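Participant: 3D model of this:
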Amino acid sequence: MNPNEQKLQYPWGDTLPEPGQALDVAEGVKWVRLPLPFALDHVNVWLLRDTFNGRDGWTVVDCGVTRDNLKAQWEQVFEHALEGLPVVRVLVTHMHPDHIGLAHWICDRWQAPLWMTMTDYFVARYFSQPSTEGGGPAGEAAVQHFMRHGLTDPESQAFLRERAKYYPDLVPAVPSTYHRIVDGDRVRIGGRDWRAIVGYGHAPEHISLQCDDLGVLISGDMVLPRISTNISVFDYEPDANSLQLYLNSLDRYEGIPETTLVLPSHGRPFKGLHERIRQQHEHHAARLEEVMVACREAPRSTSDIVPIMFLRKLDMHQMTFAMGEALAHLNMLMHQGKLTRAMGDDGVLRFSAV
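Facilitator: Model (predicted):
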């Protein structure tokens, strides 16, 4: 455990839900942990006891990716954790595959409606289309984007072209209808109000849910206990100031009590929300300073910044996120007027200190 983790409290210690089982974490709230086929090898999903449209049952928060082994684990959850009741609603925090991938299957299986934000719903619908144009942050547009930022080797370009299939493979369908959630909504679940808090930077319109009565925050990917939330810039919004949006979004949690139990999408439930937010501000401040120092020394492309920010060896899947995150830091400094950028004769953009 790193020093920052030691400043947080983990009420369940190292205890994790068994595969296909659920662990009670609050009254009417259960924790399910699903495997993922990535280096980040799991996602947490939540079961909330509910009565919806006159039906007693459960609201499911997030779903995992579309894979047969996840469906099999969900079937075990349905059998053992739902207490003989149905799923009455599916609520998705945001459009990334590990959160929405199986929403279509669960909604169809239980005839349960999907609830999420409008932006993330329509982005997921678009990205799930099986084409290089609709396949998310990959394909030919992504190749050209990353080439401009210094990722020029043929192997990386081939990976990005093939990765056009990545999103629709993990999210082959999205329900054809949904119920829109907006910031500040009070979603009534199990006789309790859950306040919707929209956050930006990680996803187009990420939703977290806070319940005062239970002292619980379902933080999604906006606040994670061990790893930093990925904040990236992609080809479809190359000038995005994603990192500034994310840091501003963290301020929306300011009024939540420090005693709140945080239920993150990755890692273990914890207490110490404001300590963790402080750590995130410090982390990004340090990364921004690293980037500024590098750009004062010489003009730097995004690919030049990656090994400065990420000291470990990265596979190509991780490299795409690392490139996106490095660019998010460069763009924030550019928007602040601390960096300028120029295209070199080699077609690569480089950033220089003002």
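
Participant: so who does Gly64 touch?
Facilitator: 34, 36, 43, 45, 70, 74, 98-99, 101-102 (CB atoms under 8 Å, 6 or more residues apart in numbering). In this view, the C-beta of every residue, glycine as well, is placed from N, C-alpha and C.

Participant: repeat for Ala103
Facilitator: Contacts of Ala103 (CB under 8 Å, 6+ apart): 63, 90, 92, 114, 174-175.

Participant: and the helices in the chain?
Facilitator: Ranges of helices in the chain, per DSSP state H, are 3-6, 68-80, 97-100, 103-110, 118-127, 140-148, 154-162, 166-170, 242-250, 273-297, 302-309, 316-335.

Participant: which of these sits most buried?
Facilitator: Among those, the stretch with the highest mean neighbour count (mean count of other CB atoms under 10 Å) is helix 97-100, at a mean of 27.

Participant: pLDDT (mean, whole number) over it?
Facilitator: Averaging pLDDT along helix 97-100 gives 98.

Participant: return the list of helices and strands in contact with it.
Facilitator: Contact here means 3 or more CB pairs under 8 Å, 6 or more residues apart in numbering; DSSP states H and E; on that basis helix 97-100 packs against helix 166-170.

Participant: avg pLDDT for the helix it packs on?
Facilitator: 92.

Participant: ok, stretch 226-243 next?
Facilitator: 95.

Participant: thinking again about what came up before, for the helices of the chain, give me TSV that also has distance to Arg180.
Facilitator: Putting the helices of the chain into TSV (distance: least, CB to CB, whole Å) gives the following:
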stretch	distance to Arg180
helix 3-6	36
helix 68-80	25
helix 97-100	15
helix 103-110	15
helix 118-127	5
helix 140-148	28
helix 154-162	33
helix 166-170	22
helix 242-250	19
helix 273-297	27
helix 302-309	35
helix 316-335	27
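
Participant: for those helices, which one sits closest to Leu261?
Facilitator: helix 273-297 (9.1 Å; CB to CB).

Participant: so what touches the closest one?
Facilitator: The contact list for helix 273-297 (CB under 8 Å, 6+ apart) reads 4, 7-8, 217, 219, 223, 225, 228-229, 243, 247, 250, 253-254, 256, 258, 260, 262, 270, 300, 304-305, 308-309, 326, 329-330, 332-333, 338-339, 351-353.

Participant: same check on stretch 140-160?
Facilitator: Stretch 140-160 is contacted from outside by 132-133, 138-139, 161, 163-164, 234-236, 238, 301-304, 316, 319-320, 323, 327, 343, 347-349, using CB under 8 Å, 6+ apart.

Participant: pLDDT below threshold where in the stretch 51-200 of the chain?
Facilitator: Within the stretch 51-200 of the chain, the stretches with pLDDT under 70 are 131-138.

Participant: isn't Arg186 up against Leu209?
Facilitator: No. Counting by CB atoms under 8 Å, Leu209 is not a contact partner of Arg186; they are 10.2 Å apart.

Participant: quick one: which of those two has more around it?
Facilitator: Leu209 (25 against 10; other CB atoms under 10 Å).

Participant: bridged to that one, which residues?
Facilitator: Per DSSP bridges, the residues bridged to Leu209 are Ala196, Ile218.

Participant: repeat for Asn44
Facilitator: Going by DSSP bridges, Asn44 forms beta bridges with Arg33.

Participant: would you confirm that it contacts Leu263?
Facilitator: Yes. The pair Asn44 and Leu263 qualifies as a contact (CB under 8 Å) at a distance of 6.9 Å.

Participant: name the residues contacting each of the two.
Facilitator: Common neighbours of Asn44 and Leu263 are listed as Trp31 (criterion: CB under 8 Å, 6+ apart).

Participant: return the residues in contact with the residue nearest to the spatial centre of the chain.
Facilitator: In the chain, the residue lying closest to the centroid (CA atoms, centre = their mean) is Asp221, at 4.2 Å. For Asp221, the contacting residues are 93-94, 96, 99, 202-203, 206, 229-230, 264-266, by CB under 8 Å, 6+ apart.

Participant: please redo it, this time with the cut-off set to 10 Å
Facilitator: Applying CB atoms under 10 Å, 6 or more residues apart in numbering to Asp221 gives the contacts 43, 62, 93-94, 96, 98-99, 199, 202-203, 206, 208, 227, 229-230, 264-266.

Participant: do the same with Val306
Facilitator: When contacts are counted by CB under 10 Å, 6+ apart, Val306 touches 149-151, 314, 319, 322-323, 325-327.

Participant: what's the distance between it and Ile231?
Facilitator: In this view, Val306 and Ile231 are 14 Å apart by CB to CB, to the nearest Å.

Participant: same question, Arg67
Facilitator: For Arg67, the distance to Ile231 - CB to CB - is 26 Å.

Participant: who has more neighbours out of these two?
Facilitator: Neighbour tally, Arg67 and Ile231, criterion other CB under 10 Å: the higher count belongs to Ile231, 24 against 17.

Participant: and that one, its phi and psi?
Facilitator: Main-chain dihedrals, Ile231, degrees, to the nearest 10: phi -120, psi 110.

Participant: so it sits right up against Ala328, yeah?
Facilitator: Yes. At 4.8 Å, Ile231 and Ala328 qualify as touching, with contact defined as CB atoms under 10 Å.
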